[in-house]
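Colleague: Sharing a sequence plus its predicted fold:
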Amino acid sequence: MSRSLSALIIGNSKYAKASKLKNPVHDAEDIAERLERCGFDATTLIDATYKQMDRALRAFKADLADQDVGLFFFAGHGFQIDGDNYLAAIDTVIDDEVEAKHSSLALNRVIDRMEKAGTATNIIILDACRDNPFERNWHRGGARGLAPVYAPRGTIIAYATSPGQFASDGKGRNGAYTAALLQHIDAQDCSIEAMFKRVRNSLNVTTGGKQISWEHTSLAGEFYFNLGIAKRITEYGPTALSDELYILDEARASHQVIRKLKSLTWPKQNPAISGLKAAHISKFGRDALFVLGRNIYQSACGNSHSAMEFIHDFVARTAGMPDAKRKALLDGMLFEVFFDCTGKVRADPKAGRFNELFALQKHKELADSFAFIAGCLLPEIRRFRVLPGKDQPTAVDVTLDSMADNAVTKIFVGGLNVLSPEDEEFEIEKGAKIPRRTLTREDFEDRIACQLLIPRHLLTFAYGRPAKGIATVKFPYGWSCCPPD
């Protein structure tokens, strides 16, 4: 279900003895951000010296020891000497070929380190064929750009240009090749080979056919930067994960219940849920149970009392069910919090009954369902302070203004103040007071748990003074705990 992905990204612009480049730093920053969204653990070097590049490559090889996929990206000056390629550091000595070779990162060394790390898939992307003064300094002719190289099994090497050609540094924020790469790298369910074909076509258009990207591949398996949920999760069918496509059959008892829950009316929802008995629903198929779970949680968020009671009494209500059937039901509930009817991650999770649902995490016999949702969300890990489903206690430090009836002024998680206005353009006039609502301490802590998407039972609150003396707090209207950057 999950993949371990690691990337080393280098962008060099400020060359000491070669022409400075406009875009490699932006290229590296933007590629790093995009790869992190695809689930990569990315290390980024900006304007790196040879020693920094050497150390980073050594560390990268060590990191790859327990990874499935390794990716190396370089933007900057590159050159070839006698058929071998080199990636220039900002302090590369260009006075003669020997000095240049020994003060640059050899591409063959990158390939060798990644091959020996044991990763199943290695990806090397080079936006490093820009026109440069290296050859002119050496008064040599013939060899231009980068040379083609051998790609070991499981490796793809992608060049910004065909062998022997130069790449454009681009007119905008990014080099022409990286700009095209950014357009397509996270296309959903697009294989890496198909993605690079899209890049080549876009690059052809933007450069008027003057630049043609090129790849040398020995990949043995399929790789996708952005796998849709239906390809990552195989326990349930595509129409259960994208339940807008789930066709209801009135001849099936499970589908009759689901239809009543989809009515969005309590008079139909409540009796349908109240009638769910373990012996009865154990006969339902796993996809049907998954979709049923999604709709029970949906009904609870719509304030169906029977749905809320079902979640609260889930352990007792499902006692005696086969483990796989019980898991499917709870998996569906958890999935509904974070994924919409098309199977895409919600921009705003459906957190209406988050605390009640995630309170079930305290039951060890339900651990597989929480591992399931953590796996579903792993590619989105950077959207969360704690990956939902992980049993990770978290401390919250609240700053109160004792002179203003316990007005909440700051909320710290991991040493960072996470409290901010929901409207980015919100401004406070000098001397103006922020309107606040009075909440019981319990309601306040539940609210913060929902906003952080960390179960209440995993949070410990500290107020700078004994919490027993704090009955209520005042919370600012229109403010919330912001997600990670």
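Modeller: Structure's in. What do you need? Numbers count the residues shown, from 1 in each chain.
Colleague: got the residue ranges for the strands in the stretch 251-400 of the chain?
Modeller: Counting by DSSP state E, counting those that start in this stretch, one finds strands in the stretch 251-400 of the chain at the ranges 394-401.
Colleague: Helices of that one, residue ranges please.
Modeller: All helices of the stretch 251-400 of the chain, identified by DSSP state H, counting those that start in this stretch, fall at 253-262, 266-274, 278-281, 286-301, 305-312, 314-317, 323-338, 354-358, 367-377.
Colleague: So for Pro455, which of those helices sits nearest?
Modeller: Smallest distance to Pro455 across the helices of the stretch 251-400 of the chain (CB to CB): 3.8 Å, for helix 354-358. All C-beta atoms are positioned from the backbone trio N, CA, C, and that covers glycine.
Colleague: what pLDDT, on average, does the closest one get?
Modeller: In this model, helix 354-358 has a mean pLDDT of 97.
Colleague: Show residues contacting that helix.
Modeller: 297, 300, 308, 311-312, 333-334, 337, 388, 446, 449-450, 453, 455-457 (CB atoms under 8 Å, 6 or more residues apart in numbering).
Colleague: now stretch 468-482
Modeller: With contact meaning CB under 8 Å, 6+ apart, stretch 468-482 is reached by 398, 400, 404-408, 411, 413, 418-423, 426, 434-441, 444, 447-448, 451-452, 463.
Colleague: So which of the residues you listed sit within helices?
Modeller: Arg441, Phe444, Arg447, Ile448, Gln451, Leu452 (DSSP state H).
Colleague: Can you give me the neighbour number for the first one?
Modeller: Applying other CB atoms under 10 Å, we find 17 residues neighbouring Arg441.
Colleague: Touching, it and Ile448? I think so.
Modeller: No: contact criterion CB atoms under 8 Å: Arg441 and Ile448 do not qualify, at 10.7 Å.
Colleague: Run through the protein and note the low-pLDDT ranges.
Modeller: Applying pLDDT under 70 to the chain flags the ranges 1-3, 129-145, 164-165, 168-170, 424-432, 485.
Colleague: Got the domain ranges for it?
Modeller: Taking automatic domain parsing as the reference, the chain has its domains at 5-227, 230-383, 394-481.
Colleague: what about the longest one, start to end distance?
Modeller: Same thing as domain 5-227. Its start and end residues considered, domain 5-227 measures 13 Å (CA to CA, to the nearest Å).
Colleague: List just the nearest of the ones in helices among the contacts of stretch 468-482 to Glu215.
Modeller: Leu452 (42.4 Å).
Colleague: quick one: that closest one and Thr92, what's the gap?
Modeller: Look at Leu452 and Thr92: by CB to CB, to the nearest Å, they are 46 Å apart.
Colleague: picking that back up, would you mind giving the ones in helices among the contacts of stretch 468-482 as CSV with distance to Leu21 added?
Modeller: Below are those laid out as CSV (distance: CB to CB, whole Å):
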residue, distance to Leu21
Arg441, 56
Phe444, 52
Arg447, 49
Ile448, 46
Gln451, 43
Leu452, 41
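Colleague: For these, which single residue is the most surrounded?
Modeller: Counting by other CB under 10 Å, top hit in the ones in helices among the contacts of stretch 468-482: Leu452 with 25 neighbours.
Colleague: Verify the stated contact: it with Arg385.
Modeller: Yes: counting by CB under 8 Å, Arg385 is a contact partner of Leu452 at 5.9 Å.
Colleague: any common contacting residues for those two?
Modeller: Thr394, Val413, Val418.
Colleague: Can you flag the buried ones in those residues?
Modeller: The neighbour count (16 or more other CB atoms under 10 Å) marks Val413, Val418 as buried among the shared contacts of Leu452 and Arg385.
Colleague: from the shared contacts of Leu452 and Arg385, which is closest to Lys210?
Modeller: Using CB to CB, those come closest to Lys210 at Val418, 48.0 Å.
Colleague: Surely that closest one is in contact with Val398?
Modeller: No: Val418 lies out of contact with Val398 (CB under 8 Å); the separation is 10.8 Å.
Colleague: which residues are common contacts for those two?
Modeller: In contact with both Val418 and Val398: Ile411, Phe412, using CB under 8 Å, 6+ apart.
Colleague: From Ala278, how far out is the residue nearest to Ala279 when sequence neighbours are not counted?
Modeller: Ranked by CB to CB, 6 or more residues apart in numbering and with sequence neighbours excluded, the top spatial neighbour of Ala279 is Gly320, at 6.9 Å. Distance check for Gly320 against Ala278: by CB to CB, it reads 5 Å.
Colleague: more crowded one of the two?
Modeller: Legend: neighbour count by other CB under 10 Å for Gly320 and Ala278, higher for Ala278 (15 against 10).
Colleague: what sits against that one?
Modeller: Residues counted as contacts of Ala278 (CB under 8 Å, 6+ apart) are Arg317, Thr318, Ala319, Gly320, Met321.
Colleague: Tell me how far the nearest residue to Phe335 once chain neighbours are set aside lies from Leu126.
Modeller: Of all residues not flanking Phe335 in the chain, Arg294 sits nearest, at 6.2 Å (CB to CB, 6+ apart). For Arg294, the distance to Leu126 (CB to CB) stands at 45 Å.
Colleague: Pick out whichever of those two has more residues nearby.
Modeller: Arg294 (26 against 23).
Colleague: Whichever of the contacts of helix 354-358 end up buried, select them in PyMOL.
Modeller: The following PyMOL line selects those of the contacts of helix 354-358 that are buried, judged by 16+ other CB under 10 Å:
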select buried, resi 297+300+308+311+312+333+334+337+388+446+449+450+453+455+456
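Colleague: Can you pull out the residues in contact with stretch 433-447?
Modeller: In this structure, residues lying in contact with stretch 433-447 by CB under 8 Å, 6+ apart are 355, 405, 407-408, 428, 456, 459, 461, 467, 470-477, 479.
Colleague: Check for me that Pro122 belongs to a helix.
Modeller: Actually, residue 122 is Asn. It isn't Pro. No: assignment of Asn122 by DSSP: H, G, I helix; E, B strand; the rest coil gives strand, placing it outside any helix.
Colleague: For burial, what's the neighbour tally of it?
Modeller: The number of residues packed near Asn122 is 27, by other CB under 10 Å.
Colleague: pretty sure it is touching Glu115, no?
Modeller: Yes: contact status for Asn122 versus Glu115: in contact at 6.8 Å, counting by CB under 8 Å.
Colleague: Between those two, which contacts overlap?
Modeller: Common neighbours of Asn122 and Glu115 are listed as Pro152, Gly154, Thr155 (criterion: CB under 8 Å, 6+ apart).
Colleague: Sort out which of the residues you listed are buried, if you could.
Modeller: Gly154, Thr155.
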